[in-house]
Every structure is written in C-alpha cells, then in structure tokens.
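**Q** can't give you the sequence, but here's the structure:
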C-alpha cells in the first residue's frame, strides 16, 4: 500500500526547507557537505568547461524520487525542495488548499516537482502535467512514472492549436525555456547563450480541458513570457467555472508585459489577484500586481487569482 504524507508532515518538512533556505553558504555546507561540495565543483569545473548537465537521482522532501540535471535544481539536490521564498509559500498554499479528490493542472511543469507534490495531496484525484520542452519532458515523464495519479503530456498551452517554435536553453537556464524570448533580451546571461529552436505542438487550454474531460480546481502556470497566450486559451473554461489560477508574475525590470496583459484578461473574467503569505494563505493585493512586485524587490512571485 502506497504511503502518503499527512498535511502536517508536509508542512513540517517545508519549515525545515525554509530554515535551510535562510542559512548562510557555510551553514549549508555543514548541513550537506558531500552534496554541497560535489554540486559546487561540478558547476565551477566540469560544467564551465563542457556545458553538459549531469543526471542525478535525488529525493524530494515528501519522499518521491526525482531525476534532475546538475548544475540545475541544486536546492532540490541539497534539501529536497525548492528554496526560493515564493516557491516555499506556493508549496504551503497547495498543502492547505488542495483536497484529496481535486484535479490539479500544471502548465509548464518542468521536471515535475510541484506536480509530484500535488499528487501527494490529491490521493483520490488527479494531476495533469504539461511541458512544452521535449528535453525537459523526457525527464518529467520518468519522474512522474511511479505515480498512479499523474499524467504528463509534451505540449505547449497557447491561444491557438497547431505547431509552434519553442526555445530550449542550456541546462543551467532550462527553467527559462520559452515560446517568447523578448523578456530576456536585456539579461546578461541571454546574450551569452545560443538556444535551440525546437518544434512542438500547441493547444488552447479550454480545448485541452474539454478534450480530456477535466475540471481542475487549481491551475498553475509557469510559462516564461507566454502567460497572455495561455490565459487567452483558457478563458472559455475560466469564464464558466471557479478555479484557483496560480501564475508566476515577473518584475517589470525583467520584462513583464505579457504578465500584465494576462492579468487584465483574468480580471475581465472576474478574477482578482492575491499574494500567498508565509502561512500559505491568501491576502488581497491592494493596487496593481505590477506595483506590488516592484515594491517587494522580488524578481518574481506566484500570484493566485480567485473569482470572487
């Protein structure tokens, strides 16, 4: 019989990850010396010379095996979880607000960290993980294969159906894989890399939901600049239902025109933006999300949209 962690156990582990995230580099070294030194040496020596990722089998904080590519996902390698403050708060939100019979739709699932966490919670429900990058999808498919309640698909969500060009970056920047490269044109790292253009299939979100007979209680969107296209493709569904929509919203200094437009469409459909507080609960954003992100000083944050 498969064992699932309780919500209290998950929250306790997230507290541990938060403590790790707040440690100095020296304290992290003391906490996980072998992994820390190996990961650092791989990044500084081998990767800097060869630009090749190394596949590593590790464990998430909730006990699920996860294949990663060093030097990416170092935080998961070291402590079993994503350590950015916004990602810790998002994990707490999922623990508090997903229920065991819910459906969770993860658009831009990457390696499957949040999809696997959701599957730990929705023990009687289902998780659908969508990833556009063929390279990333190959690892995602392996990572979710032991979980009986997750389906993964190599697909881009957009505002139309058909093939699109998609950019895949080197391993260390793979979380930035995107349909839209304009938001990175002022980034120093972007000027130094040569992305690979691949052809992948795109589908309107509402068509996808209808085709697969889904009724997601929560939709997570992390698509690096394609937010407006994704929201436009989901509007038919969002206009007719009530669901949590979680969207990563970038700081204007990084380029967030598509985030702003996506939010405008959501607000027109009756959804309002909320920030996740440190306890994993929602607080209404006063004023614009763009101003909130700018004032916070964060590069990005996960904003939750709820139909009131």
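**A** Now that the structure is in, tell me what you want to look at. It should be emphasised that the depicted structure is a prediction, and the values quoted were computed from it without experimental measurement.
**Q** Neighbours of residue 167, how many?
**A** Applying the criterion other Cβ atoms under 10 Å, we find 20 residues in the vicinity of residue 167. (C-beta placed from N, C-alpha, C; glycine too.)
**Q** Pretty sure it sits against residue 174.
**A** No - Residue 167 sits out of contact with residue 174 when judged by Cβ atoms under 8 Å, with a separation of 10.6 Å.
**Q** Show me where the stretch 201-308 of the chain has its strands.
**A** Chain-ordered strands for the stretch 201-308 of the chain, with DSSP state E, counting those that start in this stretch as the definition, fall at 218-221, 244-250, 271-276, 282-284, 300-307.
**Q** Residue 65 pairs with what?
**A** The partner list for residue 65 in beta bridges (DSSP bridges) reads residue 59.
**Q** Let me have the strands of the stretch 201-308 of the chain in TSV, adding mean pLDDT as columns.
**A** Shown next, in TSV, are the strands of the stretch 201-308 of the chain (pLDDT from 0 to 100):
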stretch	mean pLDDT
strand 218-221	98
strand 244-250	96
strand 271-276	97
strand 282-284	97
strand 300-307	96
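**Q** what about these, which gets the closest to residue 104?
**A** Residue 104 lies closest to strand 218-221 among those, at 5.2 Å (Cβ to Cβ).
**Q** Tell me the strands beside that closest one, with direction?
**A** With DSSP bridges as the test, strand 218-221 is paired with strand 103-107 (parallel), strand 244-250 (parallel).
**Q** ok, residues contacting the last one?
**A** Judged by Cβ atoms under 8 Å, 6 or more residues apart in numbering, the contacts made with strand 244-250 from elsewhere in the structure are 90, 93, 97, 183, 217-222, 227, 231, 234, 238, 256, 259, 262-263, 266, 271, 289-290, 293, 299-306.
**Q** Disregarding flanking residues, what is the spatial nearest neighbour of residue 7?
**A** Nearest in space to residue 7, with sequence neighbours left out and distances taken as Cβ to Cβ, 6 or more residues apart in numbering, is residue 95 at 5.3 Å.
**Q** ugh, wrong one, I meant residue 28
**A** For residue 28, ignoring the flanking residues on the chain, the nearest one in space by Cβ to Cβ, 6+ apart is residue 36 at 5.8 Å.
**Q** ok, the one you found - how many residues close by?
**A** Using other Cβ under 10 Å as the criterion, residue 36 is surrounded by 18 other residues.
**Q** Please identify the helix or strand for it.
**A** The secondary structure element spanning residue 36 is helix 33-41 (assigned by DSSP states H and E).
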